[in-house]
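Asks: generate coordinates for the sequence data below:
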Amino acid sequence: MHTPLCLCDDLPRIEAAARVTLVAHAAEWRRFSNTGRVAVLALEGAELAVWGVRDQPLDPATLVREAERTVLLYPSEDAPRLVPTDARPVRVLVPDGTWRESRRIASRLAPLPGIEKVRVDAAARPGLRAAPSAGRLGTGEAIAAALEALGDRDAAAQLREAVRTMVERALYVRGKIGHDRVRGGVPLEVRRALSEPR
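Replies: Presented below is the predicted three-dimensional model:
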């Protein structure tokens with residue numbers, strides 16, 4: 001993204017009761033359309049676990065911690081809806097990648113002992129990638145929906161706002177929306193730089 005449109009300095013530090021671990025495919029972190037990065041950078045205590053590095057394979061067992069309720073966001077009607085259950089701290093494992101990569105990661109994590117498959121129900125918002133079916137959420141939106149399902153509405157709202165800003169800036173850079181539809185606006189010098197022939 002054009003440097004003046006980078007979110008890094010604008011991201012809030014969000015305190016959330018649940019801890020989030022993004023289990024990202026190795027190629028995903030570098031993708032321009034990755035909204036999971038916003039969540040990892042904004043949420044206090046969020047962790048990144050990289051999946052699919054040949055010489056450094058991830059041991060999925062390290063993602064489960066005994067004292068925590070570990071839930072895996074699993075986009076399937078067969079998975080029960082995420083709801084608060086007990087007083088244990090909650091760790092939310094979030095597969096991150098293309099739709100196919102995320103499905104593979106989730107399938108590999110789901111059988112692990114101590115992991116509870118759950119789904120979140122939320123209205124899908126327009127994002128940077130086309131969803132393969134209705135009801136599929138981008139990573140940042142799915143994490144916000146999980147926080148809301150666990151009762152942390154303030155953290156969910158702050159994360160949704162940060163993700164929406166990132167999406168709008170990316171859509172502007174792609175020429176999909178005008179500068180007047182970008183939260184916080186687009187500085188004139190950035191508009192000029194992006195309109196110059198390349």
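
Asks: so Arg139 makes contact with His25?
Replies: For the record, residue 139 is Thr, not Arg. No: counting by Cβ atoms under 8 Å, Thr139 stays clear of His25, with 11.0 Å between them. Yep, even glycine has a C-beta here, placed from its N, CA and C like the rest.

Asks: give me phi/psi at Ala162?
Replies: Main-chain torsions, Ala162, degrees, to the nearest 10: phi -70, psi -40.

Asks: ok, it - contacts?
Replies: Leu7, Leu11, Pro12, Ile14, Val38, Ala42, Gly140 (Cβ atoms under 8 Å, 6 or more residues apart in numbering).

Asks: how many residues are close by the fourth one?
Replies: Burial of Ile14, expressed as a neighbour count using other Cβ atoms under 10 Å, amounts to 23.

Asks: now the first one
Replies: Here the neighbour count serves as a burial measure; for Leu7 (other Cβ under 10 Å) it reads 18.

Asks: and it, what's its pLDDT?
Replies: Leu7 is assigned a pLDDT of 72 by the prediction.

Asks: where's the closest residue to it other than its chain neighbours, which helix or strand?
Replies: Closest residue to Leu7 apart from its sequence neighbours, by Cβ to Cβ, 6 or more residues apart in numbering: Met166 at 5.4 Å. Assigned by DSSP states H and E, Met166 falls within helix 153-173.

Asks: avg pLDDT for that helix?
Replies: In the prediction, helix 153-173 has an average pLDDT of 90.

Asks: same question for that helix: list its buried residues.
Replies: Within helix 153-173, the residues scored as buried using 16 or more other Cβ atoms under 10 Å are 155-156, 158-160, 162-173.

Asks: same thing with stretch 68-83?
Replies: Buried-residue list, stretch 68-83, by 16+ other Cβ under 10 Å: Arg69, Thr70, Val71, Leu72, Leu73, Tyr74, Pro75, Ala79, Leu82.

Asks: and that stretch, how far apart are its ends?
Replies: Stretch 68-83 has an end-to-end distance of 15 Å (Cα to Cα, to the nearest Å).

Asks: next one: stretch 66-74
Replies: Using Cα to Cα, one end of stretch 66-74 lies 21 Å from the other.

Asks: lowest-confidence helix or strand of this protein?
Replies: helix 188-195 (a mean of 76; mean pLDDT, DSSP states H and E).

Asks: now that one and helix 153-173, what's the angle there?
Replies: On the basis of axes from the mean of the first three to the mean of the last three Cα atoms, to 10 degrees, helix 188-195 is oriented at 50 degrees to helix 153-173.

Asks: element containing Arg37?
Replies: With DSSP H and E as criterion, Arg37 is part of helix 36-42.

Asks: now that helix, how far from the centre of its chain.
Replies: Centroid displacement of helix 36-42 relative to its chain, using Cα atoms, centre = their mean, to the nearest Å, is 7 Å.

Asks: nothing else from me, thank you.
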